[in-house]
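J.: have a look at this prediction, sequence included:
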Amino acid sequence: MRITLGKKELAYYIETLLSYNFPLIDNCHGNISAKAIDSSLERLEYSFSHIKLRYYRVQGETLFDPLHGDHLCAFLWFLSNTVAYECGDEKVAIRLSNLNKRLHGVDLFYTVQMPEIFLLVHPVGSVYGAARYGNYFVGYQNCTIGADGTEYPEMGEGVVCYSRTSIIGKCRVGNNVVIGANTFILNCDISSDTLVLGSYPDNRFISRNESARLQFYD
(Lines give C-alpha, C1' and ligand atoms only; values in the text may rest on other atoms or scores of the structure.)
Protein backbone atom coordinates (compact mmCIF):
# COMPACT_ATOMS: atom_id res chain seq x y z
CA MET A 1 0.00 0.00 0.00
CA ARG A 2 1.25 3.45 -0.85
CA ILE A 3 1.01 5.80 2.15
CA THR A 4 1.61 9.51 1.69
CA LEU A 5 3.24 9.73 5.15
CA GLY A 6 5.84 7.49 6.75
CA LYS A 7 4.65 5.41 9.68
CA LYS A 8 6.46 7.54 12.28
CA GLU A 9 5.13 10.71 10.68
CA LEU A 10 1.65 9.22 10.62
CA ALA A 11 1.77 8.41 14.34
CA TYR A 12 3.07 11.90 15.10
CA TYR A 13 0.33 13.46 12.96
CA ILE A 14 -2.44 11.55 14.76
CA GLU A 15 -0.96 12.29 18.19
CA THR A 16 -0.68 15.99 17.29
CA LEU A 17 -4.33 16.04 16.24
CA LEU A 18 -5.27 14.44 19.57
CA SER A 19 -3.26 16.98 21.57
CA TYR A 20 -4.60 19.93 19.56
CA ASN A 21 -8.24 18.88 19.74
CA PHE A 22 -8.21 17.85 23.40
CA PRO A 23 -5.82 20.37 24.98
CA LEU A 24 -7.04 19.81 28.55
CA ILE A 25 -5.86 16.20 28.40
CA ASP A 26 -2.24 15.22 28.96
CA ASN A 27 0.13 15.34 25.98
CA CYS A 28 -0.67 12.48 23.61
CA HIS A 29 2.73 12.16 21.95
CA GLY A 30 4.18 8.68 22.36
CA ASN A 31 0.83 7.11 23.28
CA ILE A 32 0.30 5.31 19.96
CA SER A 33 2.69 2.41 19.51
CA ALA A 34 4.37 1.27 16.31
CA LYS A 35 2.58 -2.06 16.81
CA ALA A 36 -0.81 -0.32 16.76
CA ILE A 37 0.09 1.65 13.63
CA ASP A 38 1.35 -1.46 11.82
CA SER A 39 -1.67 -3.59 12.70
CA SER A 40 -4.13 -0.82 11.80
CA LEU A 41 -2.44 -0.23 8.46
CA GLU A 42 -2.59 -3.95 7.66
CA ARG A 43 -6.32 -3.99 8.37
CA LEU A 44 -6.83 -0.78 6.39
CA GLU A 45 -4.89 -2.11 3.42
CA TYR A 46 -7.00 -5.27 3.32
CA SER A 47 -10.18 -3.17 3.30
CA PHE A 48 -8.97 -0.55 0.82
CA SER A 49 -7.51 -3.16 -1.55
CA HIS A 50 -11.06 -4.24 -2.42
CA ILE A 51 -12.25 -0.69 -3.21
CA LYS A 52 -12.03 0.31 -6.87
CA LEU A 53 -13.09 3.95 -6.57
CA ARG A 54 -10.96 6.89 -7.62
CA TYR A 55 -8.56 8.06 -4.90
CA TYR A 56 -8.16 4.54 -3.50
CA ARG A 57 -5.76 3.40 -6.22
CA VAL A 58 -2.67 4.95 -7.76
CA GLN A 59 -0.68 3.24 -10.51
CA GLY A 60 -2.15 -0.11 -9.57
CA GLU A 61 -1.39 0.27 -5.84
CA THR A 62 -3.78 0.70 -2.97
CA LEU A 63 -3.55 4.27 -1.66
CA PHE A 64 -3.89 5.70 1.85
CA ASP A 65 -3.72 9.48 2.09
CA PRO A 66 -4.26 10.74 5.68
CA LEU A 67 -5.27 14.14 4.25
CA HIS A 68 -8.20 12.52 2.43
CA GLY A 69 -11.10 12.73 4.87
CA ASP A 70 -12.74 9.43 3.91
CA HIS A 71 -9.40 7.62 4.20
CA LEU A 72 -8.60 9.13 7.58
CA CYS A 73 -12.09 8.45 8.93
CA ALA A 74 -11.72 4.73 8.21
CA PHE A 75 -8.18 4.62 9.54
CA LEU A 76 -9.16 6.27 12.83
CA TRP A 77 -11.77 3.58 13.39
CA PHE A 78 -9.25 0.80 12.63
CA LEU A 79 -6.70 2.49 14.90
CA SER A 80 -9.13 3.05 17.79
CA ASN A 81 -10.37 -0.53 17.58
CA THR A 82 -6.81 -1.88 17.39
CA VAL A 83 -5.56 0.26 20.27
CA ALA A 84 -8.42 -0.98 22.46
CA TYR A 85 -8.49 -4.69 21.64
CA GLU A 86 -4.89 -5.46 20.65
CA CYS A 87 -3.05 -2.97 22.87
CA GLY A 88 -5.51 -2.71 25.76
CA ASP A 89 -5.50 1.09 25.89
CA GLU A 90 -9.13 2.10 26.20
CA LYS A 91 -8.25 5.68 27.17
CA VAL A 92 -6.50 6.36 23.87
CA ALA A 93 -9.19 4.43 21.95
CA ILE A 94 -11.87 6.75 23.35
CA ARG A 95 -9.83 9.81 22.35
CA LEU A 96 -9.41 8.47 18.83
CA SER A 97 -13.16 7.86 18.53
CA ASN A 98 -13.82 11.38 19.74
CA LEU A 99 -11.24 12.71 17.28
CA ASN A 100 -13.11 11.02 14.44
CA LYS A 101 -16.31 12.69 15.60
CA ARG A 102 -14.56 16.06 15.86
CA LEU A 103 -12.85 15.90 12.47
CA HIS A 104 -15.44 14.13 10.35
CA GLY A 105 -18.73 14.47 12.20
CA VAL A 106 -18.95 10.68 12.46
CA ASP A 107 -20.15 8.83 15.55
CA LEU A 108 -18.31 5.52 15.13
CA PHE A 109 -17.11 4.32 18.51
CA TYR A 110 -14.22 1.90 18.78
CA THR A 111 -16.49 -0.81 20.24
CA VAL A 112 -18.63 -0.94 17.09
CA GLN A 113 -17.54 -4.01 15.14
CA MET A 114 -17.23 -2.89 11.56
CA PRO A 115 -16.51 -5.61 8.97
CA GLU A 116 -13.11 -6.28 7.47
CA ILE A 117 -14.13 -4.57 4.24
CA PHE A 118 -16.21 -1.38 4.30
CA LEU A 119 -16.40 2.04 2.64
CA LEU A 120 -17.51 5.36 4.11
CA VAL A 121 -18.19 7.98 1.43
CA HIS A 122 -17.94 11.59 2.71
CA PRO A 123 -19.75 10.30 5.81
CA VAL A 124 -20.29 13.59 7.67
CA GLY A 125 -23.25 13.52 10.04
CA SER A 126 -23.46 9.72 10.27
CA VAL A 127 -24.08 7.61 13.36
CA TYR A 128 -23.08 3.95 13.28
CA GLY A 129 -24.37 2.02 16.27
CA ALA A 130 -23.60 -1.47 17.49
CA ALA A 131 -25.30 -3.27 14.63
CA ARG A 132 -23.92 -6.30 12.79
CA TYR A 133 -22.34 -5.11 9.55
CA GLY A 134 -21.50 -7.46 6.68
CA ASN A 135 -18.50 -7.16 4.39
CA TYR A 136 -18.72 -4.75 1.45
CA PHE A 137 -20.84 -2.33 3.45
CA VAL A 138 -21.13 1.19 1.99
CA GLY A 139 -22.34 4.19 3.96
CA TYR A 140 -22.88 7.69 2.61
CA GLN A 141 -23.48 10.94 4.52
CA ASN A 142 -26.13 11.41 7.21
CA CYS A 143 -26.74 7.69 7.78
CA THR A 144 -28.13 6.52 11.10
CA ILE A 145 -27.95 2.88 12.13
CA GLY A 146 -29.11 2.27 15.65
CA ALA A 147 -31.31 0.54 18.19
CA ASP A 148 -34.98 0.51 19.04
CA GLY A 149 -34.66 -0.25 22.71
CA THR A 150 -32.03 -2.99 22.82
CA GLU A 151 -32.55 -4.38 19.30
CA TYR A 152 -29.99 -3.48 16.63
CA PRO A 153 -30.02 -4.19 12.87
CA GLU A 154 -28.18 -7.14 11.35
CA MET A 155 -26.93 -6.74 7.78
CA GLY A 156 -25.64 -9.21 5.21
CA GLU A 157 -22.93 -8.58 2.63
CA GLY A 158 -23.00 -5.81 0.06
CA VAL A 159 -25.48 -3.49 1.79
CA VAL A 160 -25.36 0.05 0.38
CA CYS A 161 -26.83 2.92 2.41
CA TYR A 162 -27.23 6.12 0.43
CA SER A 163 -27.55 9.57 2.02
CA ARG A 164 -29.96 10.11 4.91
CA THR A 165 -30.64 6.42 5.37
CA SER A 166 -31.97 5.33 8.76
CA ILE A 167 -32.05 1.66 9.75
CA ILE A 168 -33.42 1.32 13.26
CA GLY A 169 -34.23 -1.59 15.52
CA LYS A 170 -34.77 -5.27 14.79
CA CYS A 171 -34.06 -5.20 11.06
CA ARG A 172 -32.67 -8.30 9.35
CA VAL A 173 -31.21 -7.07 6.07
CA GLY A 174 -30.13 -9.61 3.47
CA ASN A 175 -27.27 -9.54 0.97
CA ASN A 176 -27.01 -7.07 -1.91
CA VAL A 177 -29.58 -4.69 -0.49
CA VAL A 178 -29.69 -1.02 -1.49
CA ILE A 179 -31.28 1.48 0.86
CA GLY A 180 -32.25 4.51 -1.20
CA ALA A 181 -31.61 8.10 -0.17
CA ASN A 182 -33.96 9.51 2.50
CA THR A 183 -35.24 6.04 3.41
CA PHE A 184 -36.29 5.15 6.98
CA ILE A 185 -36.62 1.50 8.01
CA LEU A 186 -37.88 0.36 11.41
CA ASN A 187 -38.08 -3.19 12.79
CA CYS A 188 -38.52 -5.05 9.51
CA ASP A 189 -36.82 -7.82 7.54
CA ILE A 190 -35.51 -7.15 4.04
CA SER A 191 -34.85 -9.96 1.58
CA SER A 192 -31.62 -10.18 -0.37
CA ASP A 193 -31.42 -8.43 -3.76
CA THR A 194 -33.84 -5.68 -2.82
CA LEU A 195 -34.02 -1.91 -3.28
CA VAL A 196 -35.78 -0.18 -0.40
CA LEU A 197 -37.38 3.26 -0.75
CA GLY A 198 -39.58 5.50 1.37
CA SER A 199 -40.26 5.80 5.08
CA TYR A 200 -41.78 3.44 7.60
CA PRO A 201 -44.56 2.28 7.56
CA ASP A 202 -44.89 2.96 3.82
CA ASN A 203 -41.62 1.50 2.54
CA ARG A 204 -41.44 0.14 -1.02
CA PHE A 205 -39.47 -3.05 -1.66
CA ILE A 206 -38.30 -3.58 -5.24
CA SER A 207 -36.57 -6.77 -6.42
CA ARG A 208 -33.26 -6.27 -8.22
CA ASN A 209 -30.70 -8.58 -9.80
CA GLU A 210 -27.56 -6.52 -10.31
CA SER A 211 -24.96 -6.39 -7.55
CA ALA A 212 -24.73 -2.87 -6.17
CA ARG A 213 -21.39 -3.57 -4.57
CA LEU A 214 -19.77 -3.90 -7.99
CA GLN A 215 -20.02 -0.12 -8.27
CA PHE A 216 -17.61 0.18 -5.37
CA TYR A 217 -15.62 -3.03 -5.00
CA ASP A 218 -13.68 -5.47 -7.16
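T.: Done, it's in.

J.: show me where this structure has helices.
T.: Counting by DSSP state H, the segments of the chain that form helices are 7-21, 34-48, 69-85, 90-104.

J.: tell me which of those sits most buried.
T.: Of all these, helix 69-85 has the most neighbours on average by mean count of other Cβ atoms under 10 Å, namely a mean of 23. C-betas here are computed from N, CA, C, even on glycine.

J.: name the helices or strands packed onto that one?
T.: The contact analysis (3 or more Cβ pairs under 8 Å, 6 or more residues apart in numbering; DSSP states H and E) places helix 69-85 against helix 34-48, strand 61-64, helix 90-104, strand 118-120.

J.: mind giving me CSV with the helices of the chain and columns for mean pLDDT?
T.: Listed next are those as CSV, based on pLDDT from 0 to 100:
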stretch, mean pLDDT
helix 7-21, 94
helix 34-48, 97
helix 69-85, 98
helix 90-104, 96
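
J.: quick one: which of those is nearest Ser191?
T.: Across those, Ser191 has its closest neighbour in helix 34-48 (26.8 Å, Cβ to Cβ).

J.: what's the domain layout of the chain?
T.: Per automatic domain parsing, the structural domains of the chain span 2-104, 118-215.

J.: could you dump those to TSV with distance to Val112?
T.: Shown next, in TSV, are the domains of the chain (distance: least, Cβ to Cβ, whole Å):
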stretch	distance to Val112
domain 2-104	8
domain 118-215	6
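
J.: go through the ones you listed and name the closest to Tyr110.
T.: Proximity to Tyr110 (Cβ to Cβ) singles out domain 2-104 among those, at 3.7 Å.

J.: next one: the closest one to chain centre, how far?
T.: Taking Cα atoms, centre = their mean, to the nearest Å, one finds the center of domain 2-104 at 13 Å from the center of the full chain.

J.: swap in stretch 131-150?
T.: Its chain's C-alpha centre lies 9 Å from the corresponding centre of stretch 131-150 when counted by Cα atoms, centre = their mean.

J.: got a list of what the residue lying closest to Gly156 once chain neighbours are set aside touches?
T.: Sequence neighbours aside, Asn175 is the residue nearest to Gly156 in space, at 3.9 Å (criterion: Cβ to Cβ, 6 or more residues apart in numbering). If you count contacts by Cβ atoms under 8 Å, 6 or more residues apart in numbering, Asn175 has them with Gly134, Gly156, Glu157, Gly158, Val159, Ser192, Asp193.

J.: count the neighbours of the last one for me.
T.: So that's Asp193. Close neighbours of Asp193, defined as other Cβ atoms under 10 Å, add up to 18.

J.: for the residue nearest to it when sequence neighbours are not counted, grab the count of nearby residues.
T.: In space, not counting the residues next to it along the chain, Asp193 is nearest to Asn176; the distance is 5.0 Å by Cβ to Cβ, 6+ apart. Asn176 has 22 neighbours, counted by other Cβ under 10 Å.

J.: returning to what we had before: which of the contacts of Asn175 are buried? Put it as a ChimeraX command.
T.: With 16 or more other Cβ atoms under 10 Å as the criterion, this ChimeraX line picks the buried residues out of the contacts of Asn175:
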select :134,156,157,158,159,193
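
J.: can you redo the contacts of Asn175 as CSV with distance to Cys171 and pLDDT?
T.: Listed next are the contacts of Asn175 as CSV, based on distance: Cβ to Cβ, whole Å; pLDDT from 0 to 100:
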residue, distance to Cys171, pLDDT
Gly134, 13, 98
Gly156, 11, 97
Glu157, 15, 97
Gly158, 16, 97
Val159, 10, 97
Ser192, 14, 96
Asp193, 16, 96
